[in-house]
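>>> Following is a predicted model, sequence given first.
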Amino acid sequence: MQALDSTSDPRQGLALGMPILRVLSAAEQVAEHLRAEVLTGAWTSEMPGVGNLKGELGVNHKTVEAALRILEGEGLLESQGARRPRLINPVPPSGMGRSMRVCLLTWDSYDRRVDYVVQIRHELIEAGHTPFFAPKSLTELDMDVQRLAKLVDRTEADAWIVMAGSREVLDFFATRKVPVFGLFGRLGDLKLAGTGPAKAQAYTEVVKALAARGHRRIVLLGRRARKFPVPGRPEQAFLDALEAEGIVVSDFNFPDWENSPEGFQRCLESLFRLTPPTALVVQELLLFVAVRGFLSKKGIRVPGDVSLVCADPDPSFAWCRPTVAHINMESSPWVRRVIRWASNVSRGKEDTRWVRTNADFVPGGTIGTARR
């Protein structure tokens, strides 16, 4: 009788009546135990922390963390970011559900190439769905709800993923019967599913770090949709932090500008014409690149003349000299949340939960002492 080795077809063993022996690792054994506990209702909404599970099970921290990641990969648990409990999402036995056409409505056409958007598309395809991009982005539609309504009516989609939608845009989708997921955006109290980083505390830390270095003329550069009809939660935290530092807040600190490359350049020209800012906090990587180009052209040094903070992360920042001060966020929880929502919707399960993830301020060499 031929012995089975690691290269043999395991079905040979079954044909010969031999049982297949699978040796579980310590993490897999813990995952199997925790899976059974979750499915029998030992915990219903959130998992205990790693510290509690470690003590209860008598295994080390790394083994528990590896087991929890196995259950995350299965979709049984959902991460909310570092230092926050994992959410429990028991999978019903009804299967994967129907296949859906999922339309991705991006903020800008550039977003189609962002890593987490690429990952979302890939995983939707793996789950049996058909993701596709809307023919125009929100910026190309100028956030105009009437133009958006025409686009939606012309688009055959079973569900929508809307990136960084304004309040008016998300109000519009809230009135539609089609399932909608808000990836970032001004969801507020709307009963829509969504996820995004909780940036308010990070913005507060940015202002404190700048004020500690003597900065008083601090400007936040963001799109109009983040300012009107009222500032979003992170933007309001930024303005509140300025006031807490004794800085009188005006339109100078959060300027409005026409949503175009030319409009943004005119805004920068105006800011640096008379009493220039000593620090700029730029909300998007796209805008950050434009700011760096403007400053270079004008001979304005960073951080000698002006300090810079980008409110988005980018791998290239670690290669920059000076390193770029920025707000860091982990995108993998967003991907998992989107896929979980699609799975729920495909099985006819209502899912309107909003999940916030962590965001942390990372100081860098682009912050210096304010010039007097």
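Cool, got the structure.
>>> Near Arg83, how many other residues are there?
Residues contacting Arg83 under the criterion other CB atoms under 10 Å number 7. For the C-beta atoms, the positions are set from N, CA and C on the backbone; glycine is no exception.
>>> What of Glu156?
Neighbour tally, Glu156, other CB under 10 Å: 7.
>>> ok, for it, nearest residue in space, not its chain neighbours?
Closest residue to Glu156 apart from its sequence neighbours, by CB to CB, 6 or more residues apart in numbering: Arg101 at 6.3 Å.
>>> can you count the residues close to that neighbour?
Neighbours around Arg101, by other CB under 10 Å: 14.
>>> the helices in this structure, which residues?
With DSSP state H, the ranges of helices along the chain come out as 10-15, 26-39, 50-57, 61-74, 115-126, 145-154, 167-174, 200-212, 233-244, 261-271, 285-298, 332-346.
>>> by contact count, what packs against the fourth one?
Judged by 3 or more CB pairs under 8 Å, 6 or more residues apart in numbering; DSSP states H and E, helix 61-74 is in contact with helix 26-39, helix 50-57, strand 77-78.
>>> winner for burial among these?
Among the helices and strands packed on helix 61-74, ranked by average contacts under mean count of other CB atoms under 10 Å, first place goes to strand 77-78 (a mean of 23).
>>> and stretch 353-363, average pLDDT?
For stretch 353-363, mean pLDDT is 93.
>>> Run the chain-centre distance for it.
Here the centre of stretch 353-363 is set off from its chain's centre by 8 Å, with CA atoms, centre = their mean, to the nearest Å.
>>> Endpoints of it, how far apart?
32 Å (CA to CA, to the nearest Å).
>>> contact partners of it?
Outside stretch 353-363, the residues that touch it by CB atoms under 8 Å, 6 or more residues apart in numbering are 78, 80-84, 87, 182, 187, 192-199, 201-202, 205-206, 209, 313, 325-330, 333-334, 337.
>>> could you redo the last one with a cut-off of 7 Å?
Residues outside stretch 353-363 that contact it (CB atoms under 7 Å, 6 or more residues apart in numbering) are 80-82, 84, 187, 193-199, 202, 205-206, 209, 325-330, 333-334, 337.
>>> Listing request: residues of the stretch 251-372 of the chain with sub-threshold pLDDT.
Nowhere does the stretch 251-372 of the chain drop to pLDDT under 70.
>>> just checking, Arg213 touches Thr366?
No - counting by CB atoms under 7 Å, Arg213 sits too far from Thr366 to count as a contact (11.7 Å).
>>> burial measure for the closest residue to Ala82 other than its chain neighbours, as a count.
Closest residue to Ala82 apart from its sequence neighbours, by CB to CB, 6+ apart: Asn358 at 5.4 Å. Applying other CB under 10 Å, we find 19 residues neighbouring Asn358.
>>> same deal with Gly348?
9.
>>> quick one, phi psi at it?
Dihedral pair for Gly348: phi 80, psi 20, per degrees, to the nearest 10.
>>> Apart from its neighbours in sequence, what residue is nearest it?
That would be Gly97: by CB to CB, 6+ apart, it lies 7.2 Å from Gly348.
>>> Count the neighbours of that neighbour for me.
Quick note: Gly97 (other CB under 10 Å) scores 18 neighbours.
>>> Now do the contacts for Tyr263.
For the record, residue 263 is Gly, not Tyr. Neighbour list for Gly263: Trp257 [criterion: CB under 7 Å, 6+ apart].
>>> contacting residues for Asn328?
Counting by CB under 7 Å, 6+ apart, Asn328 has contacts 313, 359-360, 362.
>>> if we can go back for a sec, would you mind writing the PyMOL command to select the buried ones in the contacts of stretch 353-363?
Typed into PyMOL, the line below selects the buried ones among these, using 16 or more other CB atoms under 10 Å:
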select buried, resi 80+81+84+187+193+194+195+196+197+198+199+202+205+206+209+325+326+327+329+330+333+334+337
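>>> picking up where we left off before, Phe317 is nearest to which of the helices of the chain?
helix 285-298 (9.5 Å; CB to CB).
>>> thinking again about what came up before, could you check how far the residue nearest to Gly348 is from Gly73?
Per CB to CB, to the nearest Å, Gly97 is found 19 Å from Gly73.
>>> that older thread, looking at Arg213 and Thr366, which one has more neighbours?
Just comparing Arg213 and Thr366: by other CB under 10 Å the higher neighbour count belongs to Thr366, 22 against 14.
>>> Report whether the expected contact of that one with His326 is present.
No - judged on CB under 7 Å, Thr366 makes no contact with His326 at a distance of 8.6 Å.
>>> Give me the common contacts of these two.
Shared contacts of Thr366 and His326, counting by CB under 7 Å, 6+ apart, come down to Val309.
>>> gap between Leu87 and Arg340?
The value you get for Leu87 to Arg340, if CB to CB is used, is 9 Å.
>>> Now do the shared contacts for the two.
In contact with both Leu87 and Arg340: Glu78, using CB under 7 Å, 6+ apart.
>>> So the two - more neighbours on which side?
More neighbours surround Arg340 than the other of Leu87 and Arg340, with 20 against 17 (other CB under 10 Å).
>>> Could you give the number of residues near Trp160?
Close neighbours of Trp160, defined as other CB under 10 Å, add up to 21.
>>> No more questions from me, cheers.
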